[in-house]
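Trainee: could you work out the structure for the sequence below:
(2 chains)
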Amino acid sequence: MENDSNSLAQRAARGDADAYRVLLERHYDLMFRVAYRTLGNRSDSEDLVQEVCVALPKKLASFRGDSRFESWLYTIVVNAGRDLMRKRGARARAADGWGDVEIMHRQAAVEKTENLNWLTRAMSRLSPELRETVALVLGEEMTHAAAAKVLGLSEGSVSWRMSEVKKELRLMAKEQEMLE
Amino acid sequence: MTDDLDKLAALLRDDMPAPSDAAKRAAISAGMAAFEKNSEKFQGTAPDVRPIHNRSDLGRGFMEGLKAMFNKLTGRQMMLGTASLATIAFAVVMIQNTKPPHTGPRSPIIEQTDPTPEPFDPTANVPTQGDLGPQDSEMGYVPRPEPDPEVNSGPAVLAVPQEGGESAANVDLTPASPAPTGKADDAAGSGQGAAVLAEDMADTPVPAAPPASVVTQAPQAERSRNLDGAVLGGVIGQVDAAAGAVAPYESPITDTEVYQPPVEGGHDQFAGEAVSPLKVTQVEPVSTFSIDVDTASYAFVRRSLLNGYLPDPAAVRTEEMINYFNYDYATPQSDEAPFAPQASVFPTPWNPDTLLMHIGIQGYDIPASERPPVNLVFLIDTSGSMNDPQKLPLLIQSFRLLLGELNDHDQVAIVTYAGSAGVVLEPTPATEVRKILNSLMRLGAGGSTAGQAGLQQAYALAEEMADDGDTSRVILATDGDFNVGISDRGELQKYIEAKRETGVYLSILGFGQGNYNDALMQTLAQNGNGTAAYIDTLAEAQKVLVDQIGGALFTIAQDVKIQVEFNPAEVAEYRLIGYETRALNREDFNNDSVDAGDIGAGTQVTAIYEITPVGSAAISVDPLRYGNADPLPEGNGELAFLKLRYKNPGESTSNLITTPVRYDPDVTPDSEALFSVAVAGFGQLLRDDTRLGDWGFADVLEMAQANKGDDPFGYRSEFIRLVRLAETAQ
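Mentor: Prediction:
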């Protein structure tokens, strides 16, 4: 039997429930990672991934094996994350995950370990666009080119975004110095 | 600053909370519920379309690497590709509408009780009436089994040779002698569906299940630039729509899981056939075969040698090596007779006691101004196995060369097939090069190979494009795997045979190293009236698609068969060099329904027999004690009678050309013929044919150099280089 993800996806697209189950089991963690790094909190991420699991059967019909299933799936998750943030952005920007932490940080209401502090501060400074890019390039260790494919951007745009991330981190370090 | 990024990356990974099991289970069950709901619409149709086999599981990680390399090469870079490393195989199969059904299938051969296939196992030899096997076993193979006394002492065994035609003619087909690789696969020749099928079953590698850790290794490998979402989406959409339109295949192909293509890496499959055995003229005076204008084998041999190793002997088909070269034979002036056969006889370089009978056929060329319009449907395999900079980019470059040869009367369309099939380019005038090339460059590889759907769609499109007087041709580009849909070579063969009658020609381009399915290509080519050429460089593409465009696109004679009747008074023994996969039954010669090879415009075909004259010291078979009562008739100087049958394109009745062949020791052989002999010798050496004695590569080299001629395109010089490589590769 063929068990690579592309085959499974194609079988699932043709109605093979077992194949679909294996596909979900195998990729849940991947989806969760991307969701978590983009959204910054567990519950939103779990919800998002569940939504993706529910929406996937219909979308599978459009998966034709022209690319790797994982690449395709990254795109689905990233897009779902964008949708979610867009909806929330309309309601309250503060509701998104890393942003919550940032607010808490500003209020000095929460003291975490220094590193986690740094991480949350860093991530919360980044726009959702930069975060999804970081989630793929740093979190999933993708090349700029691969991330670009998932995000629907040119490779140059991803590189530019990563340089923006660096700039933001540098800025953050400077501010930190001034504070201390 | 990089430190900051590293820190961020490290912390992101450290901070990654493990997903909760509960959430995971909830998500999955929600997903499954949605799946069940969604899949209701599939019920009843799923089993038919379900692709059983994707390919290359074992090599998945490796494939991703290749894919990454390839994807990086899209766009302009692709066109500048890495031709020198690349390998393509090219086969042209022609299909003609007026051909009657193939009523003389060759498969019955293998069902005969004639025990000739057993020469290798003397103990298993059960002599029966009409048994010609023992003699054949004596002379046909090396190592030769001891003569079977039981047979020699049994007078009833001796059938009258002239009536033994049927079984005798079978002899050269049936021996299931070990193909040199030990791959019994294809030993019976791809013209014989049942045998091939059966052997395929036996030779089915079953890849193990892949590791489940695909995900983690993949991201680094994934590089793509120009295949942005929009383009991908567009392509997918078209594919989707088109796949739905595929008409059901007349002869349902069973999803037998029989034909499992090999994984990447050194799993090329060859139609390795035993070397044509020596025949005794008295026993079997008539030799019949179909011409073979394929050249695939030569390019494969070249690739091996350029890589520094001797080719797999099973990959060597001597006649294809010979026919790779252009020879300056006399050209017919008009199309009244499409070709002129010439026969000459001269001493054998590797044996002073035998002669070579050289048959050269030159097809006339169609001037570019007179050629009919062509409609080409490129049927391109974009499955994962094509995802290799040596395959798809070279293919695209090759097609680009081909487009340069077409004019505004010609039309081009593109169909791709991978996990599914779809039209990528609707019929377009060949002069809209930019549009066609853009479509080609958008192709990305991935998925398994849905050959069946692709073929159906391409044929449908080609039939749609055909106008009166046009030549319609599907050019199938693949590495030889049809692992979804047509998974069974016998069925594929039937399909191709059926389509032969629709008036649409089929050309097959096979690609690449490690996965190239030569055996399948042979099946397709031979059953679809085609030729096979293996293109391993852009230069090869140029040879096939530019220099020999006429031959590739225009058929001037179909079902060309050669029958040679040797005169037992002059010729004691003979053997045909090469053409092992092309042997025909004696009675097939006059049976117009039996398919044979076609000749393209401007191409040459060469066949060489080594013959042992009566009285020669080289006779290897002792005369029989019994059954040889009639003394030999007086020789009349005629060594043989050459008969050649062909059909004009589209006609169903064959024409006959005959000519007696004599030997005149005073006539020096022309250097064109001698060069072909050098190639023949080289092919035999590569096949480990021991009949050449101590004649070796150095002799090939000398002979080739002496007869190189003008060699305007350098093909013969290249041959000479290959011979030198073979010397050192030993």
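Trainee: B:Asp365 is in contact with B:Ala601, correct?
Mentor: Yes - counting by C-beta atoms under 8 Å, B:Ala601 touches B:Asp365, with 5.3 Å between them. All C-beta spots, glycine's among them, are computed from the backbone N, C-alpha and C.
Trainee: compare those two (neighbour count), which wins?
Mentor: Neighbour tally, B:Ala601 and B:Asp365, criterion other C-beta atoms under 10 Å in any protein chain shown: the higher count belongs to B:Ala601, 22 against 19.
Trainee: can you pull out the low-pLDDT segments for the stretch 151-300 of chain B?
Mentor: Across the stretch 151-300 of chain B, the ranges flagged by pLDDT under 70 are B:151-273.
Trainee: A helix includes B:Leu395, no?
Mentor: Yes - counting by DSSP: H, G, I helix; E, B strand; the rest coil, B:Leu395 is located in a helix.
Trainee: hang on, isn't it packed against B:Gly510?
Mentor: No - using C-beta under 8 Å, B:Leu395 makes no contact with B:Gly510, being 10.3 Å away.
Trainee: with neighbour numbers in mind, choose between the two.
Mentor: Taking neighbours as other C-beta under 10 Å, B:Leu395 and B:Gly510 compare with B:Gly510 leading, 33 against 29.
Trainee: tell me how far the residue nearest the centre of chain A lies from chain B.
Mentor: Residue closest to the average C-alpha location in chain A (C-alpha atoms, centre = their mean): A:Val34, at 3.3 Å. For A:Val34, the distance to chain B (C-beta to the nearest C-beta, to the nearest Å) stands at 11 Å.
Trainee: excluding its backbone neighbours, what's nearest that residue?
Mentor: The shortest distance from A:Val34 to any non-neighbouring residue, by C-beta to C-beta, 6 or more residues apart in numbering or on different chains, is to A:Val77 (4.8 Å).
Trainee: count of residues packed around that neighbour?
Mentor: With other C-beta under 10 Å as criterion, A:Val77 counts 26.
Trainee: I'd say it and A:Gln50 touch.
Mentor: No - counting by C-beta under 8 Å, A:Val77 sits too far from A:Gln50 to count as a contact (11.7 Å).
Trainee: re earlier: wait, the residue nearest to the centre of chain A touches A:Ala135, no?
Mentor: Yes - A:Val34 lies in contact with A:Ala135 (C-beta under 8 Å); the separation is 5.3 Å.
Trainee: shared neighbours, the two?
Mentor: Common neighbours of A:Val34 and A:Ala135 (criterion: C-beta atoms under 8 Å, 6 or more residues apart in numbering or on different chains): A:Val78.
Trainee: and A:Leu23, how many neighbours?
Mentor: 24.
Trainee: so which helix or strand takes in it?
Mentor: Per DSSP states H and E: A:Leu23 is located in helix A:17-39.
Trainee: and after the least confident helix or strand in chain A by mean pLDDT, which helix or strand comes next?
Mentor: Ranked by mean pLDDT, DSSP states H and E, the weakest helix or strand in chain A is helix A:97-106, scoring a mean of 50. Next in sequence after helix A:97-106, counting helices and strands by DSSP H and E, comes helix A:114-125.
Trainee: and the contacts of the helix or strand that comes right after that next one?
Mentor: From helix A:114-125 onward toward the C-terminus, using DSSP H and E, the following helix or strand is helix A:128-134. Taking contacts as C-beta under 8 Å, 6+ apart, the residues outside helix A:128-134 that touch it are A:34, A:37-38, A:40, A:78, A:81-82, A:85, A:96, A:98, A:123, A:126, A:147, A:151, A:158, A:161-162, A:164-165, A:168, B:8, B:12.
Trainee: same check on stretch B:712-730?
Mentor: Counting by C-beta under 8 Å, 6+ apart, B:301-302, B:305-306, B:308-310, B:324-326, B:543, B:547, B:675, B:679, B:682, B:685-686, B:697-698, B:700-701, B:704-705, B:708-709, B:711 sit against stretch B:712-730.
Trainee: one more pass at 7 Å, please.
Mentor: The contact list for stretch B:712-730 (C-beta atoms under 7 Å, 6 or more residues apart in numbering or on different chains) reads B:302, B:305-306, B:308-310, B:325, B:547, B:675, B:679, B:682, B:686, B:697-698, B:700-701, B:704-705, B:708-709, B:711.
Trainee: stretch A:42-61 now?
Mentor: If you take C-beta under 7 Å, 6+ apart as the criterion, stretch A:42-61 is touched by A:9, A:12-13, A:20, A:24, A:28, A:31-32, A:35-36, A:39, A:76-77, A:80-81, A:84, A:97, B:17, B:20, B:23, B:26-28, B:30-31, B:34-35, B:38-39.
Trainee: packing partners for the longest helix along chain A?
Mentor: When chain A is parsed with DSSP state H, its longest helix is helix A:155-179. Counting contacts by 3 or more C-beta pairs under 7 Å, 6 or more residues apart in numbering or on different chains; DSSP states H and E, helix A:155-179 is packed against helix A:114-125, helix A:128-134, helix A:144-151, helix B:2-15.
Trainee: how about that helix: buried residues?
Mentor: The neighbour-count check on helix A:155-179 (16 or more other C-beta atoms under 10 Å in any protein chain shown) flags A:155, A:157-159, A:161-162, A:165-166, A:168-169, A:172 as buried.
Trainee: same check on stretch B:7-14?
Mentor: B:7-8, B:11-12.
Trainee: ok, now stretch B:605-622?
Mentor: Residues of stretch B:605-622 classed as buried: B:605-614, B:616, B:618-619, B:621 (neighbour count, 16+ other C-beta under 10 Å).
Trainee: where's the dip in pLDDT among those residues?
Mentor: Within the buried residues of stretch B:605-622, B:Val621 has the lowest pLDDT, namely 78.
Trainee: which among the contacts of stretch B:712-730 end up buried?
Mentor: Buried among those (16+ other C-beta under 10 Å): B:302, B:305-306, B:310, B:325, B:547, B:675, B:679, B:682, B:686, B:697, B:700-701, B:704, B:708-709.
Trainee: which of those residues come close to chain A?
Mentor: Counting by C-beta under 7 Å from any C-beta of the partner chain, the subset of the buried ones among the contacts of stretch B:712-730 that neighbours chain A is empty.
Trainee: among those, which ones are in helices?
Mentor: Within the buried ones among the contacts of stretch B:712-730, residues falling in helices by DSSP H are B:302, B:305-306, B:675, B:679, B:682, B:686, B:697, B:700-701, B:704.
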